[in-house]
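Participant: I'd like to go over a predicted model; first the sequence, then the structure.
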Amino acid sequence: MQEVLTSADAAETLRARTARLVLSAPFQSAVIGLILLNAVTLGLETSGSVMAAMGGLLYFTDRVLLALFTAEIALRIYAFRGRFFRDPWGIFDLLVVAIAWVPATGPLSVLRALRVLRVLRLISIVPSMRLVVEAMLKALPGMGSIVLLMALIFYVFAVMATKLYGELAPERFGSLGASLFTLFQMMTLESWAEANVRPILEQQPLAWLFFVPFILVATFVVLNLFIGVIVDSIQTLRAQREAPALEAARSEAHLDAQTVLAEIRALRAEVRELRAARTG
């Protein structure tokens, strides 16, 4: 029985050491460096001249990096066991690395192009990037009303544009679908004046009364609402994560203050005793 307990304790100690290693700053920095190196090698593979000159070296480097990433995932699974699979970021890292092991031949060979997803592991490694992604995901429910508002605005303006300018510019506003696509292009401010508006202004000088309000509403109001929701979500999530640390710091400061006050009271009591002893 003692031997069983000793073995279990040794296994738990090894897991704890592995967890400390995986969570340590040097280990995390090394993983980030490997991911960046992998990003460089994957980019070099897109060059035909580079592949002709050093394709074998790049392939070997890719295999070594994949083996290192697999070992890192294995260490995390060993250290955290079930907690690893309850962490969405852990599942994400596991899937990204697993895709890279898909055979280069056969019906699944198209998945080999997804090896570049390994670069996205930076999101799960760097805390600030992970915070932004989590905030964006938490902001999705709040974006629903903004999406509906944008869809309503696009539909109204697209119907109006089709009726007003369908005959003047049929390739851009000849149908509802064409109008929706053109208005979306205008919302991105991609050559909206030269390509879409000026030809119509030459025939209808007052057409700017339609297009300028659309640009103001769609680009400078609705899109900024998206940005505002995401920024608010980031601030809320950051405040939620910082609150426990601030509370712990306040509790520690309060305990320190209480300790100092207790020591001061004890010193005062000793001073009074000394004075009483001298007086007596």
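Facilitator: Now that the structure is in, tell me what you want to look at.
Participant: who's in contact with the residue nearest the centre of the chain?
Facilitator: Note on the chain: the residue nearest the mean C-alpha position is residue 133, at 2.6 Å, using CA atoms, centre = their mean. Going by CB atoms under 8 Å, 6 or more residues apart in numbering, residue 133 touches residue 123. (Each C-beta comes from the backbone N, C-alpha and C, glycine too.)
Participant: can you check the one 10 residues further on too?
Facilitator: Residues counted as contacts of residue 143 (CB under 8 Å, 6+ apart) are 226, 229.
Participant: helix or strand: which one has it?
Facilitator: In the assignment (DSSP states H and E), residue 143 maps to helix 127-165.
Participant: distance from that helix to the middle of the chain?
Facilitator: For helix 127-165, the separation from the chain centroid amounts to 19 Å (computed by CA atoms, centre = their mean, to the nearest Å).
Participant: ok, now stretch 150-167?
Facilitator: On CA atoms, centre = their mean, the centre of stretch 150-167 falls 35 Å from that of its chain.
Participant: list the buried ones in that stretch?
Facilitator: 150, 153, 154, 157, 158, 161, 162, 165, 166 (16 or more other CB atoms under 10 Å).
Participant: phi and psi next, for the last one.
Facilitator: Recorded main-chain torsions at residue 166 are phi -60, psi -40, according to degrees, to the nearest 10.
Participant: tell me the contacts of it?
Facilitator: So residue 166 contacts 173, 174, 175, 179 (CB under 8 Å, 6+ apart).
Participant: I'd like to know how many residues surround the second one.
Facilitator: Residues lying near residue 174 (other CB atoms under 10 Å) number 16.
Participant: quick one, helices of this protein?
Facilitator: Listed in chain order, the helices of the chain (DSSP state H) span 2-23, 25-44, 48-80, 82-86, 88-99, 121-125, 127-165, 170-173, 176-187, 198-201, 208-217, 223-279.
Participant: so which elements touch the third one?
Facilitator: Pointing back at helix 48-80 there. helix 2-23, helix 25-44, helix 88-99 (3 or more CB pairs under 8 Å, 6 or more residues apart in numbering; DSSP states H and E).
Participant: tell me which of those is the most buried.
Facilitator: Among those, helix 88-99 has the highest mean neighbour count (mean count of other CB atoms under 10 Å), at a mean of 16.
Participant: and that one with helix 127-165, angle?
Facilitator: Interaxial angle, helix 88-99 versus helix 127-165 (axes from the mean of the first three to the mean of the last three CA atoms, to 10 degrees): 80 degrees.
Participant: give me the helices and strands touching helix 88-99, please.
Facilitator: Checked by 3+ CB pairs under 8 Å, 6+ apart, helix 88-99 has helix 48-80, helix 121-125 packed alongside it.
Participant: and stretch 11-29, how far from the chain's centre?
Facilitator: Counting by CA atoms, centre = their mean, stretch 11-29 comes out at 24 Å from the chain centroid.
Participant: ok, residues contacting that stretch?
Facilitator: 72, 75, 76, 78, 79, 80, 81, 125.
Participant: which intervals of this structure have sub-threshold pLDDT?
Facilitator: Along the chain, segments meeting pLDDT under 70 span 1-8, 103-114, 195, 242-258, 280.
Participant: hmm, 50 instead?
Facilitator: Counting by pLDDT under 50, the chain contains low-confidence ranges at 1-2, 4-5.
Participant: domain ranges for this protein?
Facilitator: 2-125, 130-260 (automatic domain parsing).
Participant: of all the ones you listed, which lies closest to residue 268?
Facilitator: Minimum separation from residue 268 across those (CB to CB) falls at domain 130-260, 12.7 Å.
Participant: so how far is the first residue of the closest one from its last?
Facilitator: 41 Å (CA to CA, to the nearest Å).
Participant: returning to that earlier point: and which of the contacts of stretch 11-29 is nearest to residue 94?
Facilitator: residue 76 (8.9 Å).
Participant: tell me how far the closest one lies from residue 23.
Facilitator: 9 Å (CB to CB, to the nearest Å).
Participant: nearest to residue 212, of the helices and strands packed on helix 48-80?
Facilitator: Using CB to CB, the helices and strands packed on helix 48-80 put helix 25-44 closest to residue 212, at 42.1 Å.
Participant: the inter-axis angle of that closest one versus helix 88-99?
Facilitator: 40 degrees.
Participant: gap between helix 25-44 and the chain center?
Facilitator: 17 Å.
Participant: what inclination does that helix have with respect to helix 48-80?
Facilitator: Using the same axes, to 10 degrees: helix 25-44 against helix 48-80 is 150 degrees.
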